[in-house]
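# coords please:
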Amino acid sequence: MMSIAENIDQIKATLPEQVQLVAVSKTKPAILLMEAYSHGQRAFGENKVQELAWKYEELPKDIEWHLIGHLQTNKVKYMAHFVHLIQGADSFKLLKAIDAEAKKVNRIIPCLLQFHIAEEETKYGFSMDEAFEMLGSDEFGNLKNIRISGVMGMATYTDNLVQIRKEFAHLKTIFEKLKSEFFTLEPEFKEISMGMSGDYLIAVEEGSTMVRIGSTIFGERNYL
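You can find the predicted model right below:
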């Protein structure tokens, strides 16, 4: 059985230099995160705000915390003062809540727009039409305490690699359309977060700049 450090090295050996590894540490104890931290890993992803908040308090302050799960508007306030990137910005309502809480703590919070690229109805995210309508609105233009840094998506949970590749390619196309239409002059709009343990190599081939990997680093979640 390989160590966490060895797992990270093995993954990084397959990633181009410009692709960031986010270690998805949800449900994992702090001692395992510290193993990864001690090996140089700084970006960690959590999907529950309560767990994210206590890990922020317990662990080194130079960690970059990514919120990667569906986020309820009433939970934003618990992490607005420290979260590095909100990857799951999946509605205009949520973005307005993030902006309001960021203003209270005098921050500009980077966010990724989450798009629904999978065939599964359980996935969250914008459609292209919804995003275009929002980004072109005056109401969106009045949000001064968020920064849209790119896009995020999750492929369908399937063994069909052709379908997965098609969905990742679709997200890359969405990114390019948004970049040309709304963010041409904003260098911060550069991230395409797609790819997890089972499909990240395909995601990288299709243009991912950020992969979210948990089980390949830390092992499967223990449900017992």
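
# how about L95, what does it touch?
89, 111, 134, 140, 143, 146 (Cβ atoms under 8 Å, 6 or more residues apart in numbering). The way it works is simple: take the backbone N, C-alpha and C, and place the C-beta from them, glycine included.

# got these as JSON lines, with neighbour count, secondary structure and distance to I213 columns?
Below are the contacts of L95 laid out as JSON lines (neighbours: other Cβ atoms under 10 Å; DSSP: H, G, I helix; E, B strand; the rest coil; distance: Cβ to Cβ, whole Å):
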{"residue": "A89", "neighbour count": "27", "secondary structure": "strand", "distance to I213": "21"}
{"residue": "C111", "neighbour count": "26", "secondary structure": "strand", "distance to I213": "21"}
{"residue": "M134", "neighbour count": "16", "secondary structure": "helix", "distance to I213": "30"}
{"residue": "F140", "neighbour count": "18", "secondary structure": "helix", "distance to I213": "32"}
{"residue": "L143", "neighbour count": "19", "secondary structure": "coil", "distance to I213": "31"}
{"residue": "I146", "neighbour count": "23", "secondary structure": "strand", "distance to I213": "26"}
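
# Return the member of those nearest to E191.
Using Cβ to Cβ, C111 comes nearest to E191 of these, at 10.2 Å.

# just to revisit the earlier point, now the contacts of L95 in TSV, with distance to Y200 and pLDDT?
Below are these laid out as TSV (distance: Cβ to Cβ, whole Å; pLDDT from 0 to 100):
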residue	distance to Y200	pLDDT
A89	21	97
C111	22	98
M134	29	98
F140	31	98
L143	31	98
I146	27	98
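
# Now do the SS call for the residue nearest the centre of the chain.
In the chain, the centroid-proximal residue (Cα atoms, centre = their mean) is Q87; its distance is 3.3 Å. Three-state assignment for Q87 (DSSP: H, G, I helix; E, B strand; the rest coil): strand.

# Contacts only, for it.
Listed by Cβ under 8 Å, 6+ apart, the contact partners of Q87 are 45, 66-68, 111-112, 114, 152, 193, 212.

# Nice, that's everything, thank you.
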